[in-house]
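Visitor: Predicted model follows, preceded by the sequence.
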Amino acid sequence: MLVEGIDYTVNYQLGQVQILDESLKASNTPIEVSTENNAVFGQQTKRFTGINVEHKFNENFVLGGTFLNLNERPITQKANYGTEPINNTIVGFNGNYATQVPFLTRLVNKLPNIDTDAESNFSVRGEVAYLLPGSPSGTNLNGEATSYIDDFEGSQNSIDLRSQQSWFLSSRPVGLNTPTNGNEDDNGIQNGYQRAMLNWYSIDPIFYTSQRQMTLQMKICLAFTQVVFL
C-alpha cells in the first residue's frame with residue numbers, strides 16, 4: 001500500500017498521479033490504482049418497509065408482531081463481489097405479561113422487622129426474531145443469487161517498447177563455439193564477447209523529415225538508423 005505524499009503525489013486538477021519512489025519505477029512492478037467516483041453514490045434504490053402490530057388481550061397480557069424488509073435494487077444485473085444487493089426480511093414477535101401478586105407482599109411481611117404495604121408485581125417479557133435473507137430477482141440466475149467476480153478484461157499488462165526500463169540483456173544462444181569462447185562457461189564473462197551492439201534512442205522526428213520526402217527504398221538503404229513508429 002503506497003502512501004500519498006511519500007510514494008506518490010496526486011494532481012487533483014489535472015487528474016494525474018506521479019510516482020516519487022525511483023526504485024519502484026525502476027523495478028517495473030505493476031501498480032494497481034483504484035478510484036472512487038462520487039457521481040455513482042446514492043444511485044442505488046433502497047426501500048425499507050416495516051410494520052409493528054400489538055394487541056392487548058387484557059390488562060395483563062399484550063402480544064405483538066413486527067415485520068421489516070430492506071430491498072436494494074441493483075444498478076445493473078452484474079452484482080460485484082462484496083457489494084451484492086440484498087432483499088432481507090425480519091419477522092419478530094414480542095409478548096408481555098404482568099400481574100400483581102399480593103401473596104408475595106404477605107410473605108415478605110412475615111420476615112422479622114419488615115412491614116410493607118407496597119404491591120408486588122410479576123412480569124414476563126419475551127422477544128423472538130428470525131432473519132430471512134434474500135436477493136433481488138434481477139441478480140438471480142436459475143433461481144439462485146449470483147455474484148459477479150471478474151471477467152478478466154483488464155488482466156492484460158501493456159509494455160511500452162519506448163521505455164528503456166522494459167529492455168534487458170538477454171542470454172546468448174547455447175552452442176556458439178566462437179574463437180573467443182571455445183569452452184563455454186555459464187559464469188564466465190566471455191559469454192558476452194562478440195555481442196551485437198544495439199542502442200535504443202528516442203530521436204526527435206524533425207531530424208528525419210525534410211522538404212524532399214524519402215521513399216521506402218531510401219529508408220531501407222539507411223544502414224545505421226531505422227525509423228520505427230510505435
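Guide: Great, that's in hand. Predicted, not measured: the structure shown is a model, and the values here were computed from it. Numbering: from 1, shown residues only.

Visitor: what does the longest helix seen in the chain contact?
Guide: As assigned by DSSP state H, the longest helix anywhere in the chain is helix 102-109. With C-beta atoms under 8 Å, 6 or more residues apart in numbering as the test, helix 102-109 has contacts from 114-120, 122. The way it works is simple: take the backbone N, C-alpha and C, and place the C-beta from them, glycine included.

Visitor: Mean confidence (pLDDT) on it, please.
Guide: Per-residue pLDDT over helix 102-109 has a mean of 84.

Visitor: from the contacts of helix 102-109, which is closest to Thr89?
Guide: Phe122 (34.6 Å; C-beta to C-beta).

Visitor: Against Gln13, how distant is that closest one?
Guide: 71 Å (C-beta to C-beta, to the nearest Å).

Visitor: And for Asn71?
Guide: For Asn71, the distance to Gln13 (C-beta to C-beta) stands at 40 Å.

Visitor: These two: which is more packed in?
Guide: A count of neighbours by other C-beta atoms under 10 Å puts Asn71 above the other of Asn71 and Gln13, at 17 against 6.

Visitor: gap between the strand or helix carrying that one and the chain center?
Guide: Assigned by DSSP states H and E, Asn71 belongs to strand 61-73. Computed by C-alpha atoms, centre = their mean, to the nearest Å, the chain-centroid distance of strand 61-73 equals 33 Å.

Visitor: Could I get the buried residue list for that strand?
Guide: For strand 61-73, a neighbour-count test (16 or more other C-beta atoms under 10 Å) marks 62, 66, 68-72 as buried.

Visitor: Could you list the paired strands of the helix or strand that it is followed by along with their orientation?
Guide: Beyond strand 61-73 on the C-terminal side, the first helix or strand identified by DSSP H and E is strand 87-100. Strand 87-100 has these partner strands in its sheet, going by DSSP bridges: strand 61-73 (antiparallel), strand 121-132 (antiparallel).

Visitor: For the chain, which element, helix or strand, carries the lowest mean pLDDT?
Guide: helix 216-220 (a mean of 62; mean pLDDT, DSSP states H and E).

Visitor: So for Gln156, which of the strands paired with strand 87-100 sits nearest?
Guide: strand 61-73 (33.0 Å).

Visitor: neighbouring contacts of that closest one?
Guide: Taking C-beta under 8 Å, 6+ apart as the criterion, the residues outside strand 61-73 that touch it are 44-57, 85-97, 129, 136, 138.

Visitor: what about burial for these, which qualify?
Guide: Neighbour-count burial (16+ other C-beta under 10 Å) applied to these gives 85, 87, 89, 94-96, 136.

Visitor: For those residues, could you give me JSON lines that also reports distance to Ser155 and pLDDT?
Guide: Listed next are the buried ones among the contacts of strand 61-73 as JSON lines, based on distance: C-beta to C-beta, whole Å; pLDDT from 0 to 100:
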{"residue": "Pro85", "distance to Ser155": "26", "pLDDT": "85"}
{"residue": "Asn87", "distance to Ser155": "32", "pLDDT": "90"}
{"residue": "Thr89", "distance to Ser155": "39", "pLDDT": "95"}
{"residue": "Asn94", "distance to Ser155": "53", "pLDDT": "96"}
{"residue": "Gly95", "distance to Ser155": "57", "pLDDT": "95"}
{"residue": "Asn96", "distance to Ser155": "59", "pLDDT": "95"}
{"residue": "Pro136", "distance to Ser155": "29", "pLDDT": "84"}
